[in-house]
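In: Sequence plus the predicted model coming up.
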Amino acid sequence: MSENGESFKVSSSDAGTRLDVFLAENTGCSRALVQKMIEREEAFVNGKPAKNNYKLKEGDEAVAFIREEEPEEILPENIPLNVVFEDDDVIVIDKPRGMVVHPAPGHYSGTVVNALLFREKGKLSDINGEDRPGIVHRIDADTTGLIVCAKNNKAHSALASQMEAHSVTRKYEAICYNAFNVSEGTVKKRIARGDVDRKKMVISPGGREAVTHYKVLENIGNFAYIECVLETGRTHQIRVHMKSIGHPLLGDKVYSSAKAPFNTDGQMLHAVTLGFVHPAKGEYMEFVSELPEDFQRALKLLRQLKEK
């Protein structure tokens with residue numbers, strides 16, 4: 001257990017949130033792990049132990065003492081994957097909402113990696129270590145769409161080089177708040193991890209270069225359906241960039257406090273197009289993913305609301 005706990009001040013927007021939910025969102029730990037911490041009295045509100053379901057009040061101070069726990073063994077799991085392309089070098093997957101890409105504290109099962117270990121019988125690149133076999137890049141758990149994984153180190157290195165050179169085609173479609181008065185634009189703002197909330201990314205002059213090109217596909221009342229093309233690939237890049245210009249994503253519980261007109265299971269962000277030069281064949285390949293049902297439903301509901 002660390003000597004000093006991580007401290008978080010409760011804002012007005014977080015008032016009424018359960019303690020376990022609040023700490024999971026702010027520490028980056030899974031809710032299950034946070035609940036264990038609370039049960040072991042390793043989390044406090046205003047200096048006193050509290051229950052998982054304690055409803056936080058504005059001004060409360062929540063402190064979590066996070067254990068340095070031994071990582072769990074990462075095991076193969078028979079989890080179905082939506083594979084859109086596969087050969088001896090790469091595998092392209094259409095990831096569903098809610099699925100974590102690689103294991104992390106509190107998420108050692110149910111990930112893309114667990115599924116790949118079962119499917120590929122361990123025949124994956126190991127450049128990124130034992131906990132990320134085959135993983136070249138990732139998308140957030142609540143973002144849907146295409147990712148490419150490597151089956152050997154040669155393929156991994158070739159794909160990573162393309163990522164670094166910004167030559168991989170990565171197009172996303174998203175729904176965001178507030179209509180645009182322009183048809184397209186570019187956000188070029190550096191991104192860094194937040195000093196106060198380490199789970200959040202922020203715009204910072206000292207951050208890493210980040211460039212997002214966007215195009216408005218449709219203004220729908222007080223919302224917009226957009227396409228985003230990544231020139232760089234920083235953590236939460238599209239979510240942070242769009243928020244920075246006044247267009248946070250619909251369903252984004254981390255970067256938007258706006259009230260949604262209907263429930264969503266996560267941010268409306270879909271990795272729709274992925275293109276790269278095949279690491280062995282040298283040929284450019286491009287894959288396209290259809291919008292998931294919940295994204296299509298959101299568009300339909302917004303259009304209906306606009307007509308009223």
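Out: In hand now; what should we look at? Numbers count the residues shown, from 1 in each chain.
In: how far is stretch 33-51 from where the chain is centred?
Out: 26 Å (Cα atoms, centre = their mean, to the nearest Å).
In: mean confidence score for that stretch?
Out: Taken as a whole, stretch 33-51 carries a mean pLDDT of 87.
In: Show me what counts as buried in it.
Out: 33-38, 42-45, 50 (16 or more other Cβ atoms under 10 Å). Glycine gets a C-beta too; all of them are placed from N, C-alpha and C.
In: distance between the ends of that stretch?
Out: Counting by Cα to Cα, to the nearest Å, the length from the leading to the trailing residue of stretch 33-51 is 14 Å.
In: Check the buried residues of stretch 33-51 and tell me the two furthest apart.
Out: Leu33 and Val45 (17.9 Å; Cβ to Cβ).
In: Asp252: neighbouring residues, count only.
Out: As a burial measure, Asp252 scores 27 neighbours (other Cβ atoms under 10 Å).
In: what about it, distance to Ser204?
Out: Per Cβ to Cβ, to the nearest Å, Asp252 is found 19 Å from Ser204.
In: ok, how many other residues are close to the closest residue in space to Phe223 that isn't next to it in sequence?
Out: Beyond its immediate neighbours in the sequence, the residue positioned closest to Phe223 (Cβ to Cβ, 6 or more residues apart in numbering) is Leu302, lying 5.3 Å away. Applying the criterion other Cβ under 10 Å, we find 22 residues in the vicinity of Leu302.
In: in what helix or strand does Leu302 lie?
Out: With secondary structure defined by DSSP states H and E, Leu302 is part of helix 293-307.
In: Tell me where the model's unsure across the protein.
Out: Scanning the chain with the threshold set as pLDDT under 70 gives 1-4, 67-72, 105-106, 198.
In: end-to-end on stretch 6-20?
Out: Criterion Cα to Cα; first-to-last residue distance in stretch 6-20 is 14 Å.
In: And stretch 273-281, by the same measure?
Out: Counting by Cα to Cα, you get 20 Å between the two ends of stretch 273-281.
In: what does stretch 167-181 give?
Out: Using Cα to Cα, the span of stretch 167-181 from its first residue to its last is 30 Å.
In: Tell me where the stretch 101-250 of the chain has strands.
Out: For the stretch 101-250 of the chain, the strands defined by DSSP state E, counting those that start in this stretch occupy 144-150, 169-177, 184-188, 191-193, 201-203, 211-220, 223-230.
In: Leaving out chain neighbours, which residue sits closest to Phe44?
Out: Beyond its immediate neighbours in the sequence, the residue positioned closest to Phe44 (Cβ to Cβ, 6+ apart) is Val63, lying 4.8 Å away.
In: which phi and psi does the one you found have?
Out: When read as degrees, to the nearest 10, the backbone of Val63 gives phi -120, psi 130.
In: how close does it get to Ser30?
Out: Counting by Cβ to Cβ, the gap from Val63 to Ser30 is 19 Å.
In: ditto for Glu6
Out: As it turns out, when the distance is counted by Cβ to Cβ, Glu6 lies 15 Å from Ser30.
In: how's the chain carved up into domains?
Out: Structural domains assigned to the chain are 6-64, 70-165, 166-308, following automatic domain parsing.
In: tell me the contacts of the most centrally placed residue in the chain?
Out: When the chain is reduced to its mean C-alpha position, the closest residue under Cα atoms, centre = their mean turns out to be Asp140, at 1.8 Å. Taking Cβ atoms under 8 Å, 6 or more residues apart in numbering, we find Asp140 in contact with 236, 239, 267, 269.
In: rerun that using 7 Å as the cut-off
Out: Residues near Asp140 by Cβ atoms under 7 Å, 6 or more residues apart in numbering: His236.
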